[in-house]
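**Q** okay, structure incoming, though there's no sequence with it:
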């Protein structure tokens, strides 16, 4: 499956003379005039006939996704513009989405565009509209281990950011060779800071980055992403707009969908959290989130997150017994999200902050990931109780619903077939499909074997956390070391 970006000048379909059957002007010819750009995802080949996963932008801003099959001989830009506008316009008319999302804030989330305070420097968003205050000084932390090839691709995209004031810090976690250090020093020199962390574990590496960084905002991403040029500006601007913001997360989309494993991961929801911005406020728990704040997976993912530095340090940083590279297998990001919220800070999700993630390619990788997701979920909950015992009553009160939620999230899913509503007559119904996972309905069911692995991981998570905590119990926080 190809992955592409489609930028449109307008989302509403303009009038057209009629369908081919009625002898009118084909919709493809009319709607293609509003296409600002059609390009492959970063590093991809040109867009041609076949199945395409499309990020739809409106004048640069991400607003939705869909999949479509471009027929042989069709103009990909015109064909995909018809499909995208019909899906997005139909969703707007119904007031909800079917396989895509429109750029609208949920009730109570406030306006998307705010006037800059007097004396503040506004920043330009995608599409050229002026909004938001000047983002604060930021540090981007990338933890890595023996993957210089993919790391170089990520660093190239980070150094191309349009943010006015930032640094990049690479944390080499328990390295076996000098390949990462050699890459950073040889290719990037003073543009990237290199830090070594000998203790294995993603959370430990992130804490080392927290100690080394000098930014007022600390952004974290993975070595297997490509960041959109506006990513860091969009991710850090909310901290300048709202002093109560302690954490911001962003949109993660697949850079490739070339193997069955990659498609299956995206079919299970991938990493994306939708296209509507949202602010989570512990002082005003969301009515539609009865498990708040413990459903931390809804808030974002570790490949695209930022924290106010003083808030993260005050919370003790990341729990070193969580994360990839430990027996807990994951949960480091989820733990940090909930700690920030329970300390009274707000958490903001903004789809304008986009990174493209290279999903793991093989079935073996996917099985490990499924087990790790389950283990990380219960490991982070164990970490919360261990480090903040006062949260136990609230967690127990939500336990029955939480178990039901966990069961639904790991359930086998059959193929949805009602994915062709509001499709234009000039676009064949079989050509437009729902986007995998939470973007809509898709034709890629989540296998029962992976559901069982996730549940087995949930059972293993608490014990894994206990084992990992024993190994790091004497480990000091790096920024408190003497």
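**A** Nice, thanks for sending it over. Quantities reported herein were computed from a predicted structural model and do not represent experimental measurements.

**Q** shaky segments in the stretch 251-400 of the chain?
**A** 269 (pLDDT under 70).

**Q** at 90 what do you get?
**A** 260, 263-274, 287-291, 295-297, 360-361, 369, 394-400 (pLDDT under 90).

**Q** how about the strands in it?
**A** 278-280, 305-308, 346-357 (DSSP state E, counting those that start in this stretch).

**Q** quick one: which of those strands is nearest residue 263?
**A** Of all these, strand 346-357 sits nearest to residue 263, with 13.8 Å by CB to CB. In this view, the C-beta of every residue, glycine as well, is placed from N, C-alpha and C.

**Q** what lines up beside the closest one in the sheet?
**A** If you go by DSSP bridges, strand 346-357 pairs up with strand 225-227 (antiparallel), strand 245-254 (parallel), strand 278-280 (antiparallel).

**Q** wait, which of these is closest to residue 300?
**A** Here strand 245-254 is closest among the strands paired with strand 346-357 (CB to CB), at 2.5 Å.

**Q** just give me how far the closest one sits from the chain centre.
**A** Remark: strand 245-254 is offset 6 Å from the chain centroid, using CA atoms, centre = their mean, to the nearest Å.

**Q** circling back to that earlier point, okay if I get the strands paired with strand 346-357 as TSV plus mean neighbour count and distance to residue 322?
**A** Shown next, in TSV, are these (neighbours: other CB atoms under 10 Å; distance: least, CB to CB, whole Å):
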stretch	mean neighbour count	distance to residue 322
strand 225-227	25	20
strand 245-254	26	16
strand 278-280	21	21
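
**Q** switch the strands of the stretch 251-400 of the chain over to TSV; also include distance to residue 163.
**A** Output for these, formatted as TSV (distance: least, CB to CB, whole Å):
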stretch	distance to residue 163
strand 278-280	21
strand 305-308	11
strand 346-357	11
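
**Q** quick one, which of those strands is nearest to residue 176?
**A** Among those, the nearest to residue 176 by CB to CB is strand 346-357 (24.6 Å).

**Q** just give me the neighbour total for residue 47.
**A** By other CB atoms under 10 Å, the residues close to residue 47 number 21.

**Q** any idea of the pLDDT on it?
**A** Per-residue confidence for residue 47 comes out at a pLDDT of 94.

**Q** ok, which stretches of the stretch 51-200 of the chain are helices?
**A** 76-94, 148-159, 179-183 (DSSP state H, counting those that start in this stretch).

**Q** turn these into CSV, columns for distance to residue 370.
**A** Shown next, in CSV, are those (distance: least, CB to CB, whole Å):
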stretch, distance to residue 370
helix 76-94, 30
helix 148-159, 22
helix 179-183, 28
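
**Q** deepest of those, which one?
**A** Ranked by mean neighbour count, these are led by helix 76-94 with a mean of 23 (mean count of other CB atoms under 10 Å).

**Q** any idea how far the spatially most central residue of the chain lies from residue 321?
**A** With distances taken as CA atoms, centre = their mean, residue 252 lies nearest the centre of the chain, 2.8 Å away. Plainly put, residue 252 is 25 Å away from residue 321 if you go by CB to CB, to the nearest Å.

**Q** coming back round to it: for residue 343, find the nearest of the strands paired with strand 346-357.
**A** strand 245-254 (7.1 Å).

**Q** returning to what we had before: beta partners for the residue nearest to the centre of the chain?
**A** Bridge pairing for residue 252 - DSSP bridges - gives residue 355.

**Q** contact partners for it?
**A** 225, 270-272, 301, 303-304, 354-357 (CB atoms under 8 Å, 6 or more residues apart in numbering).

**Q** repeat that for 6 Å
**A** Neighbouring residues of residue 252 by CB atoms under 6 Å, 6 or more residues apart in numbering: 271-272, 301, 303-304, 355, 357.

**Q** please apply the same query to residue 470.
**A** Counted by CB under 6 Å, 6+ apart, residue 470 has zero contacts.

**Q** that one should be in a helix, yeah?
**A** Yes: assessed with DSSP: H, G, I helix; E, B strand; the rest coil, residue 470 lies in a helix.

**Q** please report how far it lies from residue 321.
**A** As judged by CB to CB, residue 470 and residue 321 stand 8 Å apart.

**Q** coming back round to it: among the strands paired with strand 346-357, which comes closest to residue 169?
**A** Across the strands paired with strand 346-357, closest to residue 169 is strand 225-227 (CB to CB), at 14.6 Å.

**Q** what's the closest one in contact with?
**A** 42, 154, 157-158, 255, 303, 355-357.

**Q** centre of the chain to it, how far?
**A** 11 Å.

**Q** now do the helix or strand that it is followed by, average pLDDT.
**A** Using DSSP states H and E, the helix or strand that follows strand 225-227 towards the C-terminus is helix 231-241. Averaged across helix 231-241, pLDDT comes to 98.

**Q** helix 231-241: how far from the chain's middle?
**A** Between the centre of helix 231-241 and the centre of its chain there are 15 Å (CA atoms, centre = their mean).

**Q** tell me the angle of that helix relative to strand 346-357?
**A** 170 degrees (axes from the mean of the first three to the mean of the last three CA atoms, to 10 degrees).

**Q** helix 231-241 vs helix 148-159, what angle?
**A** 50 degrees.

**Q** in the stretch 251-400 of the chain, which spans are helices?
**A** In the stretch 251-400 of the chain, the segments counted as helices under DSSP H, counting those that start in this stretch are 260-267, 309-314, 332-342, 363-387, 392-397, 399-409.

**Q** flag every buried residue along the longest one.
**A** The reference is to helix 363-387. 366-367, 369-384 (16 or more other CB atoms under 10 Å).

**Q** of the helices of the stretch 51-200 of the chain, which approaches residue 326 most closely?
**A** That would be helix 179-183 among the helices of the stretch 51-200 of the chain, by CB to CB, at 20.0 Å.

**Q** tell me the helices and strands packed up against that closest one.
**A** helix 148-159 (3 or more CB pairs under 6 Å, 6 or more residues apart in numbering; DSSP states H and E).

**Q** one more time with 7 Å, if that's ok
**A** Where contact means 3 or more CB pairs under 7 Å, 6 or more residues apart in numbering; DSSP states H and E, helix 179-183 is packed against helix 148-159, strand 166-173.

**Q** among the contacts of residue 252, which one has the most neighbours?
**A** Within those, most neighbours by other CB under 10 Å means residue 304, with 29 neighbours.

**Q** these two touch, right, it and residue 253?
**A** No: Residue 304 is beyond contact range of residue 253, at 10.0 Å (criterion: CB atoms under 7 Å).

**Q** if I look at the residue lying closest to residue 68 once chain neighbours are set aside, how far off is residue 35?
**A** Excluding the flanking residues, the one nearest residue 68 by CB to CB, 6 or more residues apart in numbering is residue 83, at 4.5 Å. Separation of residue 83 from residue 35 (CB to CB) stands at 12 Å.

**Q** next one: residue 159
**A** Going from residue 159 to residue 35 by CB to CB gives 30 Å.

**Q** go on, residue 255?
**A** Residue 255 is 22 Å from residue 35, by CB to CB.

**Q** comparing the two, which residue is more hemmed in?
**A** Neighbours per residue, other CB under 10 Å: of residue 255 and residue 35, the larger number sits with residue 255, 22 against 18.

**Q** contacts only, for the closest residue to the more buried one other than its chain neighbours.
**A** Once flanking residues are discounted, residue 255 sits nearest to residue 356: 3.9 Å by CB to CB, 6+ apart. By CB atoms under 7 Å, 6 or more residues apart in numbering, the contact set of residue 356 is 41-42, 225-226, 253, 255.

**Q** right, I'll call it a day here.
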